[in-house]
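Asker: I would like to see how this sequence folds:
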Amino acid sequence: MQVITKGESGGAQTHLLALCLALAPRVRFVAAIGGASPRSMLGDELQTLGIPVCAVPQLGNSLSPLRTLAAVRALLCLVREHRPDTLHAHSSVAGVVARIAGRIAGIPVIYTVHGFGFKPEIPRLQRWAAWMAEWTLARLTAHMVCVSSHEMQLARRLPIARGRLSVIPNGVADTPERAQPDHAPARIVMVARLARPKRPDLLLHALALLRARLGHEVPASLIGSGPDMAAHRALARQLKLQAVDFTGDADDVPKRLAQHGVFVLMSDHEGLPISVIEAMRAGLAIVASDLPGMRELIDDGTHGLLVANEAGALAEALLALTAAPALRARLGHAARQRYEARFTPAPMARAVETLYGQIARHEPASDPAR
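Answerer: You can find the predicted model right below:
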C-alpha cells in the first residue's frame, strides 16, 4: 500500500506515479492519498493504471495529535480492508501516520524521504519538531529510502541501523518533447509549488534586474500553484513585470518545458528535485540554487549553473545564458545525457522492487541501489 499526504501535483507525487508505472505489471498496489476525494492529479493517474485509490480525509499537512490519531485510525481501517504486505510512505506526514499504523497492525513500513524537515535551513521550531518525530519513529521503520546521498547523511544521525538505509535516486519516465535551448528568445521557466521552500520571488527579482541590464524583459513562465501564488502575483505587479505568465498547475508540463530555453529552480532546501530531472530530460539549460541535492544532479558549469540563493547571482547567470545560445545548447545537451545515464525510472524501479522482496521475505536489506 502506497501512502502519501496529498494527491496534488508535486515531486513526491511524480515519483510515486513513476514507480507505480514501472512496477504495476509485477506488483499489486493500492494507494491511500490524503484528501476528501480519491480524485486528484495523482489519484486519477493511478486509477487509469487499475490501482485502487482510497481517500483519507484525516491525512493532511497538519501533525496535531488529534488529527494524527484520526489519520492512523483511518489508515488502519484501510489496512484491514486491503491486507497489504507492506506500507510504503512518501512525505513526512504520511511517514508519521504510516509508521504508527504499521506498528499497530504488525506490517513493515518503508519510508521514502523526499527531504528531511530538520535541515539547518529550516526554521528552528519546525526543524526541532521534525527532528523529534523522525528520531522517535526511526525505530518503527523497516527500511528508510533516501533520494540523495545528502539525505542519507542526515538519516545516519537517527537511531536506525545502516542496513535499513538505502539511497535510491529519483527517476522520471522519458517523453518525446525536447527543448531547443539555443532558439531565440531565451524564454525562462520555473516549475514549482508556490510556497516555501521554493523561491519564485528570487526569480521575479532577478527578472527585474535583468530588465534593467538589457533594457527589455525576458519572457518567463511560472508553472504551479500554492498558497503563495497571490503574493507572487502581487510582487510581479510591484516590480512592473509584464512578461511573466503564471500558468497554475498544468497536466502538460513536458510540452510546456519544451517551449522554453532556460529552466530555473531557486529553493531554500531540496532533496533531489523532480522538476530539475524533468528539465534535464527536456534538454533545457538549467540554473538552480547551489544546494547539496542539486549538486548530485548538476556539476556546475557542465550540466547547468549553480548559484547562490539570491536574486543578484541568479540575474548574472541568466544574463550569461540569454547572451549565449551556444552555452544554452551545450548545457542542455549535457543535462539530457546525464538524465539518460542516471535518472530514468528503470534503475529506481529495480532497486525498489528488490527492496520489496527483501522486506517480504524478512531478509536483511542490503542496499538495493548501491
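Asker: Now do Gly43, the pLDDT please.
Answerer: According to the per-residue confidence, Gly43 scores 96 in pLDDT.
Asker: same question, Arg370
Answerer: Confidence at Arg370, expressed as pLDDT, is 48.
Asker: cool, and Asp367?
Answerer: You'll see Asp367 listed with a pLDDT of 54.
Asker: For this structure, which segments are assigned as helices?
Answerer: Assignment of helices within the chain using DSSP state H yields the ranges 11-23, 41-48, 65-82, 92-105, 124-137, 149-155, 200-214, 229-238, 253-258, 274-282, 292-295, 311-322, 325-342, 345-360.
Asker: Buried deepest among those helices, which one?
Answerer: The densest packing among those, expressed as mean neighbour count by mean count of other C-beta atoms under 10 Å, is seen in helix 274-282 with a mean of 26. Heads up, the C-betas are built off the backbone N, CA and C, glycines and all.
Asker: roughly how far is that helix from the heart of the chain?
Answerer: If you compare the mean C-alpha spot of helix 274-282 with that of the full chain, they lie 11 Å apart, counting by C-alpha atoms, centre = their mean, to the nearest Å.
Asker: Let me see the contact set for Gly293.
Answerer: Taking C-beta atoms under 8 Å, 6 or more residues apart in numbering as the contact definition, Gly293 lies against 115, 147-148, 150-151, 269-273.
Asker: I'd like the distance between the nearest residue in space to it that is not next to it in sequence and Arg281.
Answerer: Setting aside the residues directly before and after it, Gly293 is nearest to Glu270 in space (C-beta to C-beta, 6 or more residues apart in numbering), at 4.2 Å. If you measure Glu270 against Arg281 using C-beta to C-beta, to the nearest Å, the figure is 17 Å.
Asker: Of the helices of the chain, which is nearest Leu265?
Answerer: Closest approach to Leu265 among those (C-beta to C-beta): helix 274-282, 5.6 Å.
Asker: Which elements pack onto the closest one?
Answerer: With contacts defined as 3 or more C-beta pairs under 8 Å, 6 or more residues apart in numbering; DSSP states H and E, the secondary structure elements packing on helix 274-282 are helix 11-23, strand 188-191, helix 253-258, strand 262-265, strand 285-289, helix 325-342.
Asker: In TSV: the ones you listed, plus mean pLDDT and distance to Ile223.
Answerer: Rendered in TSV, the data for the helices and strands packed on helix 274-282 read as follows (pLDDT from 0 to 100; distance: least, C-beta to C-beta, whole Å):
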stretch	mean pLDDT	distance to Ile223
helix 11-23	94	13
strand 188-191	98	5
helix 253-258	97	6
strand 262-265	99	10
strand 285-289	99	15
helix 325-342	98	18
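Asker: how about these in TSV, adding distance to Gln242?
Answerer: Below are the helices and strands packed on helix 274-282 laid out as TSV (distance: least, C-beta to C-beta, whole Å):
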stretch	distance to Gln242
helix 11-23	30
strand 188-191	14
helix 253-258	20
strand 262-265	19
strand 285-289	22
helix 325-342	24
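Asker: What confidence value was assigned to Pro123?
Answerer: Note for Pro123: predicted pLDDT of 87.
Asker: Retrieve the pLDDT associated with His90.
Answerer: Per-residue pLDDT puts His90 at 96.
Asker: no, scratch that, I was asking about Val93
Answerer: Value for Val93, per-residue pLDDT: 94.
Asker: Over to the one 10 residues further on?
Answerer: Here, the pLDDT recorded for Arg103 equals 98.
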